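[1] task: produce atomic coordinates for the following.
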Amino acid sequence: MSNEMKHPRWGATAALAAIIGLIFIIVVTLYYWVLGLIGLIVVIAVVALLKLQDMKHKKKVEDYISTLSHRIKKVGEEALLEMPIGIILYNENYEVEWMNHYMSSLTGEEPILSHPLNLISDAFLPIINSDENEGVVTIKKRRYRVISRAEERLLYLIDVTEINEVKVRYENEKTVLGIVFLDNYEEITQGMDDQIKSGINNEVTNLIKDWGSAHGIYLKRFSAEKFMAVLNQSILHELEKNRFDILDKIREIKSNSTVPLTLSIGVGTGAKSIPDLGQMAQSALDLALGRGGDQVAIKKASGKVEFYGGKSNPVEKRTRVRARVISHALSELIHESDQVFVMGHKNPDMDAIGAAIGIMKMAEGDGKPGHVVIQPEDYGPGVISLINEIQQDDQLWSKFLANDDALEQITSKTLVVVVDTHKPSLVMEPRLLSKTERVVVIDHHRRSEDFIHDPVLVYMEPYASSTAELVTELLEYQTNKVKLGVVEATAMLAGITVDTKSFALRTGARTFDAASYLRSHGADTILVQKLLREDLAQYNHRAELIRRTKLYKDHIAIAVSEEDDRFDQVVMAQAADTLLSMNGIKASFVAAPRADGYIGISARSLGEINVQIIMEQLDGGGHLTNAATQLKMPLSEAVQRLKAAIDDYLEGGEAE
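    Below is the predicted model of the structure:
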């Protein structure tokens, strides 16, 4: 602003001067009227001059404001039309009514006015109709942030290409830590000739180092079986695209052992600090090993875990050292507790009940009261015959405790043992887990993301045929020899028989050793067969389900029931097993509504297709050859999701 505009108003100055002049004239006139007259003339002249200056000042201010208003208006028009922000006005039909020059330059010479917005980008309408009223669109390889003002039918587009590139570069260069672990290196090379062992070691080391060099990964070996890997997010994306082909290369190494050498990798990504990344990598490796090894687990800062690989069946351990150690550790925990509660999963099967009985007998052998926690209304048809047999043994049945009674009797010193599951959402009574800090998990399923919080002891062996097999081995190594009754031993043997499909699947030498131990303690094989019998109505019900089977992708059988029919999970599992026995079938899936309102899906394979990975995409889980899930949605939608999961798995190259 000019100096003139900063002065006080001239009108006020003239008035002040006139007042002072008049007072002076009045005083002078009293003594000499001639001087008073002259003073009056001077005052009038001064006032007139000041008034003239005031008028000139007002004129200058008005001219300045007029000029400034014009300039501001001109700047606003130029900003609206020329500034590097795209502006679009559209009508109620989502057609372009007007756009500024910058927006016109983005769209080129194509006629856009009166045309739909999706002619520029299909992303405009979802942004306009979203609650956030913001989004990002791509126009001619440039990225723009879109701000929507729906009430004014107005869109602003701000170029964020460079910002996005910097952000992408930042994300791609984030540090990622990995731990590479040779699953069974020590066991395979045990007892080998030194020269052969050295040859395998060199071949493995060269393969891993070549793989690291090819992808720009820094590798440091810090034990015979472990490597530390340092990489970034961009390299990790590249490895994911290749689906970690190093797993296949390691598996193809030839050795004198009939068991292939396998590799597992735990990866931590997304954390801000290096120590956190290291902890996440170790946690991811534990998950990969808990699922049977031969796979990669990538753990993100959000807690989400992604898995790759897992094509081979878990290899049975030839050494029983761990079983002996776990058995002794469990005995110590039992001695330190006032009582032992054992529970399996909801809708228990033979394996869950058999394993629970085994742990209960272990507690009794160590001199502590043990109880199996059940829900009387939660029996599945597959275990009704076993429950009926147990009820005939008054002493054994008295050890079974309803879940409500268990909640009343539990103390802070009670040991809770969870068998045949590790998911807190699936246990018989989840509230028991929060009543004590002494929780043990014994399971043979592959470990999932959802795991019981902070157990004091975990015994998970995915190679095992069943949890009953694991518990049988624990009983063998008890210092106080446990005496099993006929029904107790038979229940455990029935659990092994059901999970191995009568010793046909996932059966190793240790499975037969466990069965032999139970047989020597009175297990009745004839009674097992009686417990596994089914009635004619159930057989016909399953046959109807199998009749509705259709082939998918030539070698996958999918059976889908009627919408209004209801099936038990056991019947679905039996139908999936039956379909797998057909010629040319590599995997079978059975989907049907259950009585509880969920859609159940049972999945089976012979090992070429990893049904566990497919079921995990549907929030389920299981084994490589045996998995399942439950979905709360219409049957048709569940089948579509199943097919999409199968497609995703096959497109990823998991199947041979």
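[2] neighbours of residue 421, how many?
    Residues lying near residue 421 (other Cβ atoms under 10 Å) number 24. Bear in mind the C-beta positions are built from the backbone N, C-alpha and C, glycine included.
[3] low-confidence stretches in the stretch 301-450 of the chain?
    Applying pLDDT under 70 to the stretch 301-450 of the chain picks out residues 310-320, 380-382.
[4] any chance you could map the helices in it?
    Per DSSP state H, counting those that start in this stretch, the stretch 301-450 of the chain carries helices over the ranges 321-335, 350-365, 384-391, 394-397, 403-409.
[5] what about residue 138, helix or strand, and which?
    If you go by DSSP states H and E, residue 138 is part of strand 134-139.
[6] just the buried residues of the next helix or strand after that strand, please?
    Of the helices and strands lying after strand 134-139 in sequence (DSSP H and E), the nearest is strand 142-149. Under the neighbour-count criterion of 16 or more other Cβ atoms under 10 Å, strand 142-149 has 143-144, 146, 148 buried.
[7] what is the nearest of the residues you listed to residue 54?
    residue 148 (52.5 Å; Cβ to Cβ).
[8] verify the stated contact: that closest one with residue 128.
    Yes: in this structure residue 148 lies within contact range of residue 128 using Cβ atoms under 8 Å: 5.0 Å.
[9] and the strands in the stretch 51-200 of the chain, which stretches?
    Remark: strands assigned in the stretch 51-200 of the chain by DSSP state E, counting those that start in this stretch are 86-90, 96-99, 134-139, 142-149, 154-159, 175-182.
[10] tell me what the second one is packed against?
    Packing partners of strand 96-99 (3 or more Cβ pairs under 8 Å, 6 or more residues apart in numbering; DSSP states H and E): strand 86-90.
[11] and for the third one?
    Based on contacts counted as 3+ Cβ pairs under 8 Å, 6+ apart, the elements that strand 134-139 packs against are helix 124-129, strand 142-149.
[12] paired strands for it, with orientation please.
    Here strand 134-139 has these sheet partners by DSSP bridges: strand 142-149 (antiparallel).
[13] how far does the strand it pairs with sit from its chain's centre?
    30 Å (Cα atoms, centre = their mean, to the nearest Å).
[14] angle of that strand against strand 154-159?
    Interaxial angle, strand 142-149 versus strand 154-159 (axes from the mean of the first three to the mean of the last three Cα atoms, to 10 degrees): 150 degrees.
[15] follow-up on the earlier one: for the strands of the stretch 51-200 of the chain, could you give me CSV that also reports mean pLDDT?
    Shown next, in CSV, are the strands of the stretch 51-200 of the chain (pLDDT from 0 to 100):
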stretch, mean pLDDT
strand 86-90, 86
strand 96-99, 84
strand 134-139, 87
strand 142-149, 89
strand 154-159, 88
strand 175-182, 94
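[16] list the buried ones in the strand holding residue 138?
    Buried-residue list, strand 134-139, by 16+ other Cβ under 10 Å: 135, 137, 139.
[17] cool, and stretch 436-451?
    Result for stretch 436-451 [16+ other Cβ under 10 Å]: buried residues 436, 438-448, 451.
[18] state the pair within these that is farthest apart.
    436 and 446 (26.4 Å).
[19] so where is the stretch 551-656 of the chain shaky, pLDDT-wise?
    Scanning the stretch 551-656 of the chain for pLDDT under 70 picks out the ranges 652-656.
[20] what are the ranges of the strands in it?
    Counting by DSSP E, counting those that start in this stretch, one finds strands in the stretch 551-656 of the chain at the ranges 556-560, 587-593, 599-605, 621-622, 626-631.
[21] contacts for stretch 89-99 next, please.
    86-88, 107, 112-120, 124-125, 128, 152-155 (Cβ atoms under 8 Å, 6 or more residues apart in numbering).
[22] contacting residues for the closest residue in space to residue 180 that isn't next to it in sequence?
    Residue nearest to residue 180 in three dimensions, not counting chain neighbours: residue 227, with 4.0 Å by Cβ to Cβ, 6 or more residues apart in numbering. Shown in contact with residue 227 (Cβ under 8 Å, 6+ apart): 179-181, 208, 219-221.
[23] at 6 Å instead, please
    180, 219, 221 (Cβ atoms under 6 Å, 6 or more residues apart in numbering).
[24] could you flag which of those residues are buried?
    180, 219.
[25] how close does residue 404 get to residue 531?
    For residue 404, the distance to residue 531 equals 28 Å [Cβ to Cβ, to the nearest Å].
[26] ditto for residue 580
    23 Å.
[27] could you do residue 603 as well?
    On the measure of Cβ to Cβ, residue 603 and residue 531 end up 25 Å apart.
[28] between those two, tell me which one has more neighbours.
    Ranked by neighbour count (other Cβ under 10 Å), residue 603 and residue 531 place residue 603 first, with 33 against 22.
[29] the more buried one pairs with what?
    Beta-bridge partners, per DSSP bridges, of residue 603: residue 589, residue 627.
[30] hmm, residue 627 and it touching each other?
    Yes: here residue 603 reaches residue 627: they are 4.6 Å apart, a contact under Cβ atoms under 6 Å.
[31] now list whatever residues contact both of these two.
    Listed as contacting both residue 603 and residue 627 by Cβ under 6 Å, 6+ apart are 611, 615.
[32] so where do the helices sit in the stretch 551-656 of the chain?
    Secondary structure of the stretch 551-656 of the chain by DSSP H, counting those that start in this stretch: the helices cover 569-580, 611-616, 635-651.
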